[in-house]
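J.: From the sequence below, what's the structure:
(one chain, ligands or ions: 1)
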Amino acid sequence: MTKRLIRGKMVIDGTGNHPIEQGAVLIDGQTIKAVGKRTDIETEPDTEEIDFSECVLIPGLIDCHNHLSLDTRLDNYLLRMNDTIPELTLRAVANLLVDLDSGVTTSRCCGDKGYLDIACKQAIEAGYLKGPRLLVAGKGIRASHGHGFVGYPFDGLEPVRGAVRENLRHGVDLIKLYITGTIKASGHIPAYLSKSEISLAIQESKRLQVKTATHCIGGIGVDWALELGIDSIEHGYFLTEEQIDRMAQSDSWLVITPSPFFEENRIRTLPSHLRDGFLRQRDEVAERITAAIKGGVKYAVGTDGMHGGLAKELEWLTEFGASAQDALKAATVNGASVCGLASHIGTLESGKYADIVAVDGDPLKDIRSLRRVRGVIYRGRIRRIN
Ligand SMILES: [Zn+2]
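T.: Model prediction:
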């Protein structure tokens, strides 16, 4: 296959190295062969040049917490998860393209309905559906009296074991548990899954080297999950100082998802008790996310169904004290680690997948540049976006 040289005004390779002025990325098929100054990269006579010389090239973005068929642009979007599987699947297919066009080349789906996420992943890998690389969780596991518009109810050890194994049999990349709700109820954060149910689910997953992620905003559930070796705490809106310290010293990641609390459009049409809860607890959440970022917790970032909105999530991270560089890392190299794909994606380096985004402007100077995506290269396939 002919090699191609993607030329940019600047290349941010995502490793933390200085940006490369007049940079370029040489790709061969779906793999990066070289990254550097245009004049330093050797090319062959038949190398095709792809001109993004008005743009800054960055690694493909990673949305570390998404749900393919959850769509926050719909009125009362949580209840729309009760739509039929064909409706949800069509929505997922449309959302995948929205995600890809916003620069997301890898999306980690933390649970969806009826294994539609697995069908989407297989269709993308087979090449007949357009969308980002997917990591999928299949059926999220929640307790029957617990939270989770996307998850499925399971109670007791054997049903939880069965749910994990059924997911594994369908080929999931991670197991998703819902330990808590999303907003605090009267100052308290109950854990709906028991410690022994969580422990069993983690053991069953670990034995097959499958990662575990938990929807957990705080409370005793965070302590249990960390003690039991969870790979990622999703949301973590109300972490205490002690939990932040503990996470900073652990191997567990925090996946921060600001928009459920901060995006007016997604809150506006929710039932009043949810809407009021999100609005009332917003300041505390802002304070706790700021504390987690400041406290050295390792974090990635996700949209939780706000398709096409990852750039906005990064803007919130900067409002909570992350530097633009750290916000970008959350959506690239850190996301790659959460996905267990750090040697394949997350930075622009020789040998990694050619997942590249061309943006209008320097995101290290102005994170809002990420809203202006002009091109997305996913595994070497180029999409130009106006
Ligand atoms: Zn979620």
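J.: Let me know how buried the nearest residue to Val11 once chain neighbours are set aside is, in neighbour terms.
T.: Distances taken as Cβ to Cβ, 6 or more residues apart in numbering place Gly23 nearest to Val11, at 3.0 Å, with adjacent residues excluded. Where you see a C-beta, it was placed from the backbone N, CA and C, and this is true even at glycine. By the measure other Cβ atoms under 10 Å, the count of residues near Gly23 is 23.
J.: Also Gly229?
T.: 15.
J.: Just the pLDDT at it, thanks.
T.: As summarised for this prediction, Gly229 has a pLDDT of 98.
J.: Am I right that it is in contact with Gln203?
T.: No. Taking contacts as Cβ atoms under 8 Å, Gly229 lies outside contact range of Gln203: 9.1 Å.
J.: Model confidence score at Thr43, please.
T.: pLDDT at Thr43 comes out at 94.
J.: what's it in contact with, if anything?
T.: 3, 5, 26 (Cβ atoms under 8 Å, 6 or more residues apart in numbering).
J.: give the contact list for the last one.
T.: Leu26 makes contact with 3-6, 32-35, 41, 43, 47 under the criterion Cβ under 8 Å, 6+ apart.
J.: quick one: secondary structure of it?
T.: strand (DSSP: H, G, I helix; E, B strand; the rest coil).
J.: how close does it get to Ala354?
T.: Per Cβ to Cβ, to the nearest Å, Leu26 is found 9 Å from Ala354.
J.: likewise the second one?
T.: Using Cβ to Cβ, we find Leu5 at a distance of 11 Å from Ala354.
J.: what is in contact with those two at once?
T.: 25, 27.
J.: okay, which residue is most central for the protein?
T.: Cys64 (1.3 Å; Cα atoms, centre = their mean).
J.: Could you verify that that residue is part of a strand?
T.: Yes. Judged by three-state DSSP, Cys64 forms part of a strand.
J.: Show the pLDDT at it.
T.: On pLDDT, Cys64 comes in at 98.
J.: check contacts around it.
T.: 108, 232, 255, 300-302, 331, 334-335, 338-339.
J.: and Arg133, how many neighbours does it have?
T.: 23.
J.: hang on, isn't it packed against Ala354?
T.: No. In this structure, Arg133 is not within contact of Ala354 by Cβ under 8 Å, at 12.0 Å.
J.: got any residues that touch both of those two?
T.: Here Arg133 and Ala354 share the contacting residues Arg379, scored by Cβ under 8 Å, 6+ apart.
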